[in-house]
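Q: Fold the following, please.
(chains A, B, C and D)
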Number of protein chains: 2
Amino acid sequence: MAVTIRDVARASGVHISTVSRTFSAPHLVNPETRSRVLATAEQLGYRPNRAARALITGRTHNIGLIVADIANPFFPPLIKAAETHARRRDYHVFVADTDEDPIVEADLVQALAKQVDGILLCSPRMTDDQIEQLRREVPLVVINRMITGLPAVVMDVGQGARSAVRHLLSLGHRHLVYLSGPRGSWTNREIRRAAGATARAAGAELTVLGPHQPITAAGAAAAEAVLATGATAVLAYNDLMAIGLLQALHDRDVAVPGQVSVVGIDDIAASELVRPKLTTVANPTAAAGRAAVDMLLQQGDDGSTGQINLHTDLVIRNSTGPGPFLPAGATTAEVAAYVKE
Amino acid sequence: MAVTIRDVARASGVHISTVSRTFSAPHLVNPETRSRVLATAEQLGYRPNRAARALITGRTHNIGLIVADIANPFFPPLIKAAETHARRRDYHVFVADTDEDPIVEADLVQALAKQVDGILLCSPRMTDDQIEQLRREVPLVVINRMITGLPAVVMDVGQGARSAVRHLLSLGHRHLVYLSGPRGSWTNREIRRAAGATARAAGAELTVLGPHQPITAAGAAAAEAVLATGATAVLAYNDLMAIGLLQALHDRDVAVPGQVSVVGIDDIAASELVRPKLTTVANPTAAAGRAAVDMLLQQGDDGSTGQINLHTDLVIRNSTGPGPFLPAGATTAEVAAYVKE
DNA sequence: CCAGCATCGGCAAACGTTTGCAGCAGGTTA
DNA sequence: TAACCTGCTGCAAACGTTTGCCGATGCTGG
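A: Numbering: from 1, shown residues only, chains lettered A, B, ... in the order given. Got it, this is the predicted structure:
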């Protein structure tokens, strides 16, 4: 049916091994022979069978990309960048969605293990132990989580959270809320820790609410609880939750940023479309995807186990404003003077 | 290194063929033997090598999913649904992104062909001929495009466009704009045709602008041109463009829906987050993904070549309102009386 | 008690490649 | 001229499965 190496060999009057070498080790075959083989291959429409190749070389030229939720707008840019980058290096990408379920996650890694040269694990919800276990079965690069001894690329959310909290403090807010994300999220712990430390250092209060699902509905549902704390500013685990909160606040006629300031994390596309535009921490997701692919592919060669920490940026838009201790029209200079930065 | 069928055979004292049958044809092996084999397999952590299996059976248990742009929020729900559905049937999914480029698209199909049992082609930008050509190399199901003789699942955008235009007409609008999507899009042609026919039948005018990239920036950039037409309502190729237009209109102090009504297509998540909330045509993308997977997997069995047309729904939100010939507060009954529906 | 028949498990070929080894021709060195 | 290298190609084994075929075993019915 399909045209194989054998057909090409017959048609060009050489042995199959010569055809094989024409593709996998061209320098070993006479240029003349090579071009003849290439010509007939082209003409017959020959395409090497990757399964067969994988069987003998042990390299599939495939990689797996496992994310918690494809529909979460945080991931698509990462998936896109990783896929494009991988393809440029002649790798194909399996994408799979765990629905935030650690069990599915583990199953998926196992199922994919034999079929790929390595797996990119995005924001895994498994325990560190489980991940280390799985690493023994298949090369892994973890994204958005730091585990000692494991190659990883993370966005420096700690840094991002610090910037965000400082921004809020500088606006005069003294009581903040952190809207936690899902249980098991490393990112969540990082943000919480960084935000807590920064607030505490400035003598401000930080109330933690959660855990929550990282979706708009959860952000909206948390509105009452947020208002009940009496806080004047909130940092959310991600933009989706922040946006949900924004909507719920709007429905309750709570002015943003007049009465409450809101900042998200991720800088998804929708953050700029929503009113007020969301102040948020921009994550270099595309860069992370590319970096992770590179790490994974290098990992095969040497046994390197680097960890990359990508810089994040606070993007100040319209959902944050002066806190209650400052006049609404306070200038930047005034707020700067108000809190020790 | 990895544990193979041979290891399991040795450890459980049977021939490899028995182990093989334990997994691929359990009814042929004695229950007692079977459970023994299963036990040792479990214990050794054996996982069948899909590449080897594929080599001999010709079935990879993989499918390919090719989309124009993963980051376009229209696709992730479809990808997610397709992947989950496929996995439930023990298939893994390659996802690839063409960046709206027909050449990349064709290359991808070819590259993936040998490695999958079939390919889902979403909103392809190739010509019909090219697609029919490729179909000879690998089973294909096309999503969002109708090509005679090819299995396809489409969302009935024609129906959606008709509903949208009728809705606008019923609000009293007599001059509409259609903001076209990308060249080569079947969906675009369908919408344009349906919208044009519906408007014409009602004696209204429809101006077509475009083609455009299906992104917010293009929608925003079209604002001037839209206003220049003097139309009072616009239908956009997709929500992204509609939202971009909404923003640009807002920046120009053009009231929506006061002066101009806007309706999008797709009902992406952001449409509900934006102010005013976008009136749009909801597409059952998740259902489409699942249906396409089912078609693809059945295609192997019989040679069926069905075409599925999924129902779409107009979702009326706040971006559409009475046109210039009606008082701003006109009731539904009044507008209904105004135009022959 | 034997023919006939299921049921089960082993044997070996096959799938489409890659790759170590060996052979061969022609050229170079001593 | 012999010994040796170099560049190219062929040979065949191997990768981990599946599967058609056959033989062994044990049971059934006559």
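
Q: separation between the closest residue to residue A:227 other than its chain neighbours and DNA strand D?
A: Distance criterion Cβ to Cβ, 6 or more residues apart in numbering or on different chains; nearest residue to residue A:227, sequence neighbours excluded, is residue A:254 at 6.9 Å. Placement of C-beta: from N, CA and C, glycine included. For residue A:254, the distance to DNA strand D equals 60 Å [Cβ to the nearest atom of the strand, to the nearest Å].

Q: try residue A:128
A: 29 Å.

Q: How about residue A:235?
A: 49 Å.

Q: Quick check: pLDDT value at that residue.
A: Listed pLDDT for residue A:235 reads 98.

Q: That one is in what secondary structure piece?
A: For residue A:235, the enclosing helix or strand under DSSP states H and E is strand A:233-236.

Q: before we move on, back to that, so how many other residues sit close to the residue nearest to residue A:227?
A: Counted with other Cβ atoms under 10 Å in any protein chain shown, the neighbours of residue A:254 add up to 16.

Q: wouldn't it be in contact with residue A:260 here?
A: Yes - here residue A:254 reaches residue A:260: they are 5.8 Å apart, a contact under Cβ atoms under 8 Å.

Q: a strand runs through the residue nearest to residue A:227, doesn't it?
A: No - Residue A:254 is assigned coil when assessed by DSSP: H, G, I helix; E, B strand; the rest coil, not a strand.

Q: need the next SSE after the helix or strand where residue A:248 lies, C-terminal direction.
A: Element membership of residue A:248, judged by DSSP H and E, is helix A:239-251. Per DSSP H and E, the first helix or strand lying C-terminal to helix A:239-251 is strand A:261-266.

Q: Measure how that next one sits relative to helix A:239-251, angle-wise.
A: For strand A:261-266 against helix A:239-251, the angle by axes from the mean of the first three to the mean of the last three Cα atoms, to 10 degrees is 160 degrees.

Q: just to revisit the earlier point, check which helices and strands the helix holding residue A:248 is in contact with.
A: When contacts are defined as 3 or more Cβ pairs under 8 Å, 6 or more residues apart in numbering or on different chains; DSSP states H and E, helix A:239-251 sits against strand A:175-179, helix A:216-221, helix A:223-229, strand A:233-236, strand A:261-266.

Q: So for it, what gets flagged as buried?
A: Of all the residues in helix A:239-251, those buried under the rule 16 or more other Cβ atoms under 10 Å in any protein chain shown are A:239-250.

Q: The one helix or strand residue A:10 maps to close to DNA strand C?
A: Secondary structure from DSSP H and E places residue A:10 in helix A:5-12. Yes - residues of helix A:5-12 contacting DNA strand C under Cβ under 7 Å from any atom of the strand: A:5-6.

Q: Now find how far off-centre that helix is within its chain.
A: Averaged C-alpha coordinates place helix A:5-12 at 45 Å from its chain's average position (Cα atoms, centre = their mean, to the nearest Å).

Q: Looking at the helices and strands packed on helix A:239-251, which is nearest to residue B:37?
A: helix A:216-221 (46.3 Å; Cβ to Cβ).

Q: buried ones in the closest one?
A: For helix A:216-221, using 16+ other Cβ under 10 Å, the buried residues are A:216, A:218-221.

Q: again with stretch A:4-23
A: A:4-5, A:7-9, A:11-12, A:14, A:18-23.

Q: Do me a favour and get the end-to-end distance for that stretch?
A: End-to-end distance for stretch A:4-23: 13 Å, by Cα to Cα, to the nearest Å.

Q: Repeat that for stretch A:169-177.
A: 12 Å.

Q: Could you do stretch A:215-231 as well?
A: Per Cα to Cα, the first residue of stretch A:215-231 is 22 Å away from its last.

Q: do the same with stretch A:148-166
A: Per Cα to Cα, stretch A:148-166 runs 29 Å from first to last residue.

Q: can you give me the strands for chain A?
A: Per DSSP state E, chain A carries strands over the ranges A:62-67, A:92-97, A:119-122, A:140-143, A:152-155, A:175-179, A:205-209, A:233-236, A:261-266, A:279-282, A:307-310, A:313-315.

Q: Now the fourth one: buried residues?
A: Spelled out, it's strand A:140-143. Buried-residue list, strand A:140-143, by 16+ other Cβ under 10 Å: A:140-143.
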